[in-house]
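Engineer: Everything below, folded, please.
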Amino acid sequence: MSTVNAINSGADYSQVQQKKKGGGGKAVASTFIPGLGQLCDGRTKTGLAYLGGVVGATLGNRMLASSLGKDIFKKAGEAAGEIKIGGGAKAKFAGAIALGLAATGIWIANIVDAYKGGKVKQQ
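Structural biologist: Next comes the predicted model:
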């Protein structure tokens, strides 16, 4: 009888969304591979954006750090005394730190987004 009343009441149930499950599992997936949780949730563009952001920032960090290491060892070979880091090396060091922090921040945002993306509020 209550089903008949709900149908006859004219209530619009098409706007009610069910709560998705599995935000924790997607967050764990994104912990190991950035963007995987979003890909599992069907948000392909977001997942690929997170993956590209983390990979790009990490590669930039590694390239700057490698270049910085070569500069330091080259100067160490030239002068057996004190190792002095010049202005260019300081900029590389600062860039490497910034890119490392950016990669870490993007990765953390990716995990949080994967967790929250699996949960939809009921209206």
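Engineer: what ranges do the helices span in the protein?
Structural biologist: 2-8, 23-32, 36-40, 44-78, 87-117 (DSSP state H).
Engineer: Now tabulate these in JSON lines and tack on mean neighbour count and mean pLDDT.
Structural biologist: Any C-beta I mention is one placed from the backbone N, CA and C, and that applies to glycine too. Listed next are these as JSON lines, based on neighbours: other CB atoms under 10 Å; pLDDT from 0 to 100:
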{"stretch": "helix 2-8", "mean neighbour count": "8", "mean pLDDT": "53"}
{"stretch": "helix 23-32", "mean neighbour count": "18", "mean pLDDT": "91"}
{"stretch": "helix 36-40", "mean neighbour count": "22", "mean pLDDT": "93"}
{"stretch": "helix 44-78", "mean neighbour count": "15", "mean pLDDT": "85"}
{"stretch": "helix 87-117", "mean neighbour count": "17", "mean pLDDT": "90"}
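Engineer: Can you list the neighbours in contact with stretch 44-60?
Structural biologist: Stretch 44-60 has contacts (CB atoms under 8 Å, 6 or more residues apart in numbering) with 30, 33-39, 41, 95, 99-100, 102-103, 106-107, 109-110, 113, 117.
Engineer: 10 Å instead, please
Structural biologist: Contact partners of stretch 44-60, identified using CB atoms under 10 Å, 6 or more residues apart in numbering, comprise 26, 30, 33-41, 43, 95-96, 98-107, 109-111, 113-114, 117.
Engineer: before we move on, what about stretch 23-42?
Structural biologist: When contacts are defined by CB under 10 Å, 6+ apart, stretch 23-42 is touched by residues 20, 22, 43-55, 58, 103, 106-120.
Engineer: Relative to residue 46, how far out is residue 91?
Structural biologist: To residue 46, residue 91 is 33 Å away according to CB to CB, to the nearest Å.
Engineer: One more: residue 55?
Structural biologist: Distance from residue 55 to residue 46, by CB to CB: 15 Å.
Engineer: ok, now which ones touch the residue nearest to residue 99 when sequence neighbours are not counted?
Structural biologist: Excluding its sequence neighbours, the residue lying closest to residue 99 (CB to CB, 6 or more residues apart in numbering) is residue 61, at 3.9 Å. By CB under 10 Å, 6+ apart, the residues touching residue 61 are 95, 96, 97, 98, 99, 100, 101, 102, 103, 104.
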